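In: here is a sequence together with a model predicted from it:
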Amino acid sequence: MSSESTDNLNSYEKMQEIADFILGQTEIRPRIGIICGSGLSGIGDLLSEKRTIPYTEIPHFPKCKVSGHRGELSLGLLEGVPVVCFQGRCHYYEGFGMSEVVLATRIMKLLGAKIMIVTNAAGGLNPSMKVGDMMIIKDHLNFLGLSGISPLRGSNEDRLGPRFPSLTDLYDGGIRQIARAVAVSMNIQHEVHEGILAALGGPSYETVAELKFLRLAGVDAVGMSTVHEAIAARHCGMLVFGCSLITNECIVEYGTNREPNHEEVIEASKNGANKFATFISKLVSGLRQQDTIA
Ligand SMILES: O=P(O)(O)O[C@H]1O[C@H](CO)[C@@H](O)[C@H]1O
């Protein structure tokens, strides 16, 4: 499918066809779906009894091209829990339509997932956040959504969810509590923050003025993804947990001779990937113990 295509994956039947194709490749019936952000595909390497399918082999599935995104999905067991792990995402700035951006989310729902864990690389705006830290997403500010660019735009698919879903407490409080306990158990609580993610359209990084504005608005970290998937997950009734790896410090002063770049983002996510993957797998273990996924 070309990246120029617009929202052409709204058909429930087409999504069901994709889900049936995936279910036909494995005995795994996922309870949790994970979306891996830039450089974070290694979470999928922790799966046992794994079946990996390149996106190119999945009918109708968009092909992500941004470096740091592997472009395959893996089904298997993580801490004994059946999961599907999307190792690579499509971004709106690549030219995909919103229905392509959130296709992975809707497919995990049709595969049977009850919870979505969505991850990303993000710039740290809150000065207390250092490169390599993590941020549990408490809420978001969606600049695309505020101007009407939504995965829910268009006629509503009632089989997925309601026309007017609420986004109150979108990022599940109970799961965030488990995540905080995991951070303590790993003795990394000083590196694991909780805060507000702002989603911008990208692919350019933010101006200094934009970052100053976002800081005033209470934003802790900035990214170009995640919130659309979170909205689609809420729409179709999944619980959502979101977590950012802070890959760069936002430059909020003029004339510093410093600039953000994607190479720095990938390098930081490579460095932080193992700890991040361990954190997510221990969270999944915590969810199993709490029967959240029953
Ligand atoms: O959100 P993920 O996919 O983790 O990647 C983030 O990193 C890239 C920018 O460096 C953008 O794609 C941004 O969205």
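Out: Yes, it's here. These figures come from a predicted structure and were not determined experimentally.
In: isn't residue 243 right next to residue 117, touching?
Out: Yes. Residue 243 is within contact range of residue 117, at 7.3 Å (criterion: CB atoms under 8 Å). C-betas here are computed from N, CA, C, even on glycine.
In: hey, what's in contact with both of the two?
Out: Counting by CB atoms under 8 Å, 6 or more residues apart in numbering, the residues touching both residue 243 and residue 117 are residue 280.
In: how many residues are close by residue 181?
Out: When neighbours are defined as other CB atoms under 10 Å, residue 181 has 15 of them.
In: how about it, secondary structure?
Out: Under DSSP: H, G, I helix; E, B strand; the rest coil, residue 181 falls in the helix class.
In: with adjacent residues omitted, what lies nearest to it?
Out: Leaving aside its sequence neighbours, residue 181 sits nearest to residue 286 (CB to CB, 6 or more residues apart in numbering; 6.8 Å).
In: now do the strand or helix carrying that neighbour: which elements does it pack against?
Out: Residue 286 is part of helix 262-289 when elements are defined by DSSP states H and E. Contacts defined by 3 or more CB pairs under 8 Å, 6 or more residues apart in numbering; DSSP states H and E place helix 262-289 against strand 32-35, strand 81-87, strand 115-124, strand 134-142, helix 173-185, strand 239-249.
In: what is the neighbour count of residue 167?
Out: 16.
In: show me the contacts for it.
Out: By CB under 8 Å, 6+ apart, the contact set of residue 167 is 231, 234.
In: how about the residues of this structure by the ligand?
Out: Contacts of the chain with the ligand, taken as CB under 6 Å from any ligand atom, map to 37-38, 66, 89, 91, 120-121, 202, 223-225, 262, 265.
In: can you list these in JSON lines and add neighbour count and pLDDT?
Out: Below are these laid out as JSON lines (neighbours: other CB atoms under 10 Å; pLDDT from 0 to 100):
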{"residue": "37", "neighbour count": "27", "pLDDT": "95"}
{"residue": "38", "neighbour count": "27", "pLDDT": "92"}
{"residue": "66", "neighbour count": "18", "pLDDT": "84"}
{"residue": "89", "neighbour count": "29", "pLDDT": "95"}
{"residue": "91", "neighbour count": "21", "pLDDT": "96"}
{"residue": "120", "neighbour count": "27", "pLDDT": "98"}
{"residue": "121", "neighbour count": "26", "pLDDT": "97"}
{"residue": "202", "neighbour count": "16", "pLDDT": "96"}
{"residue": "223", "neighbour count": "23", "pLDDT": "98"}
{"residue": "224", "neighbour count": "23", "pLDDT": "98"}
{"residue": "225", "neighbour count": "27", "pLDDT": "98"}
{"residue": "262", "neighbour count": "17", "pLDDT": "95"}
{"residue": "265", "neighbour count": "23", "pLDDT": "96"}
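In: chain neighbours aside, what residue packs nearest to residue 48?
Out: Nearest non-adjacent residue to residue 48 (CB to CB, 6+ apart): residue 77, at 4.9 Å.
In: same question for residue 71.
Out: residue 88 (4.4 Å).
In: kindly report the same for residue 109.
Out: residue 236 (4.6 Å).
In: around the one you found, how many other residues sit close by?
Out: 20.
In: picking that back up, what's the angle from the helix holding residue 286 to strand 81-87?
Out: Helix 262-289 runs at 170 degrees relative to strand 81-87, counting by axes from the mean of the first three to the mean of the last three CA atoms, to 10 degrees.
In: and helix 262-289 with strand 239-249, angle?
Out: Using the same axes, to 10 degrees: helix 262-289 against strand 239-249 is 150 degrees.
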